[in-house]
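*Asks:* would you be able to build a 3D model of this:
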Amino acid sequence: MSESQHTPDNSCERSADQNPLTVRGRVHSIETFGTVDGPGTRLVVFMQGCPMRCAYCHNPDTWKFGIGHEKSVADVLALYDRNRPFYRKGGITATGGEPLAQPAFVGALFEAAHTDPKGHIHTCLDSSGITYDPHHPELFERLLANTDLVLLDIKHSDPKGHHALCEVGPERPLTFGNELSRRKIPVLIRHVVVPGYTDSPAELAGVGRIIAHWNNVIGLDVLPYHTMGTKKYEELGIPYRLSGVPAMDPKRIPEIRKQILIARALERKRLGL
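*Replies:* Numbering: from 1, shown residues only. The predicted model follows:
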């Protein structure tokens, strides 16, 4: 995948003095009562566009850039206000697609959430980090300065395995993880376990070693691969690359999670952390 395909989409970029409420972005859809994308009940904004092609992605309709619904930050907060009492222990989550591909919009949304005159709104970023550009950190400053929690997806610990699974390498996601650790932004790690792809002892140990280097990890969610998104591929005419791969047995998840955490603990001990 070319470098340009990793570049953040600045088509709706804000000027330095622009009111954050007027910043616009491309949104695929909005879920008003999300309960799995961050703490509490949340307004979940699915951003449009993602350069990754994860074989198990259940939202392939969010991949394409330049389409979707154009929304302003004010539009999103107005929807939040309609159900504000239900979000008392929750907040707003930006997911996708890849929310980091539209840093101007998500940054403005999170800034407006933190400065909302009706009260601070908790912000959560659900991201793979694939569009984080360490050569232009200024593009992400407003976003990260106003992020309370990151759900960081670790797709695969091995570069070849990562490319086979997602059609891109892991370099930028790992760089993004390092930046989050440097900033001490709380991170909840997510890892999808696919039979035959990400469930080997070597892979699980690799994930544990990666996250051992980050001091801001507050939890680990190990998610079993499922096949519920295959119908979307049929509707979109996209070949499903994991055809024939069975769903992961949920009963295996506790032991798999334990293996990752043991590897993390051993690596942190080795590093003296």
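
*Asks:* give me the most central residue, the chain.
*Replies:* Centroid-nearest residue in the chain: residue 127, 1.6 Å away (criterion: CA atoms, centre = their mean).

*Asks:* got a list of what that residue touches?
*Replies:* 95-96, 98-100, 150-153, 176 (CB atoms under 8 Å, 6 or more residues apart in numbering). Every C-beta, even on glycine, is put in place using the N, C-alpha and C of the backbone.

*Asks:* name the member of those residues that has the highest neighbour count.
*Replies:* Compared across the contacts of residue 127, residue 100 has the highest neighbour count, 30 neighbours, by other CB atoms under 10 Å.

*Asks:* that residue against residue 125, yeah?
*Replies:* Yes. The criterion here is CB atoms under 8 Å, and residue 100 meets it with residue 125 at 7.3 Å.

*Asks:* residues shared between the contacts of these two?
*Replies:* With CB under 8 Å, 6+ apart as the test, residue 100 and residue 125 both reach 106, 143.

*Asks:* only the buried residues of stretch 266-273, if you could.
*Replies:* Neighbour counts over stretch 266-273 (16 or more other CB atoms under 10 Å) mark 267-268 as buried.

*Asks:* repeat for stretch 37-44
*Replies:* 37-38, 41-44.

*Asks:* got it, and stretch 47-63?
*Replies:* Buried-residue list, stretch 47-63, by 16+ other CB under 10 Å: 47-52, 54-63.

*Asks:* tell me which of those fall in strands.
*Replies:* residue 47 (DSSP state E).

*Asks:* send me stretch 200-219 as CSV with only the CA atoms.
*Replies:* Extracted C-alpha coordinates of stretch 200-219, given in CSV (Å, rounded to 0.1, in the frame of the first residue of the first chain):
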residue,chain,number,x,y,z
SER,A,200,-0.4,-19.6,18.1
PRO,A,201,1.7,-19.5,21.2
ALA,A,202,4.4,-17.5,19.4
GLU,A,203,1.9,-14.9,18.3
LEU,A,204,0.3,-14.5,21.7
ALA,A,205,3.8,-14.2,23.3
GLY,A,206,4.6,-11.6,20.6
VAL,A,207,1.6,-9.5,21.5
GLY,A,208,2.6,-9.7,25.2
ARG,A,209,6.1,-8.5,24.4
ILE,A,210,4.8,-5.5,22.4
ILE,A,211,2.5,-4.2,25.0
ALA,A,212,5.1,-4.8,27.8
HIS,A,213,7.0,-1.7,26.6
TRP,A,214,4.0,0.6,27.2
ASN,A,215,3.4,1.9,30.8
ASN,A,216,0.0,3.3,30.0
VAL,A,217,-1.8,0.0,29.4
ILE,A,218,-4.8,-0.3,31.7
GLY,A,219,-6.4,-3.4,30.3
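
*Asks:* distance from the chain centre to it, please.
*Replies:* Stretch 200-219 has its C-alpha centroid displaced from the chain centroid by 17 Å (CA atoms, centre = their mean, to the nearest Å).

*Asks:* what is the mean pLDDT for that stretch?
*Replies:* Averaging pLDDT along stretch 200-219 yields 98.

*Asks:* tell me how far the helix or strand hosting residue 109 is from the chain's mean position?
*Replies:* Taking DSSP states H and E as the definition, one finds residue 109 inside helix 103-114. The gap between where helix 103-114 is centred and where its chain is centred comes out at 16 Å by CA atoms, centre = their mean.

*Asks:* what packs against that helix?
*Replies:* On a contact count with 3 or more CB pairs under 8 Å, 6 or more residues apart in numbering; DSSP states H and E, helix 103-114 meets strand 24-34, strand 42-47, helix 73-82, strand 91-95, strand 122-127, helix 141-145.

*Asks:* which one of the ones you listed lies nearest to residue 166?
*Replies:* When these are compared for distance to residue 166 using CB to CB, the nearest one is strand 122-127, at 13.5 Å.
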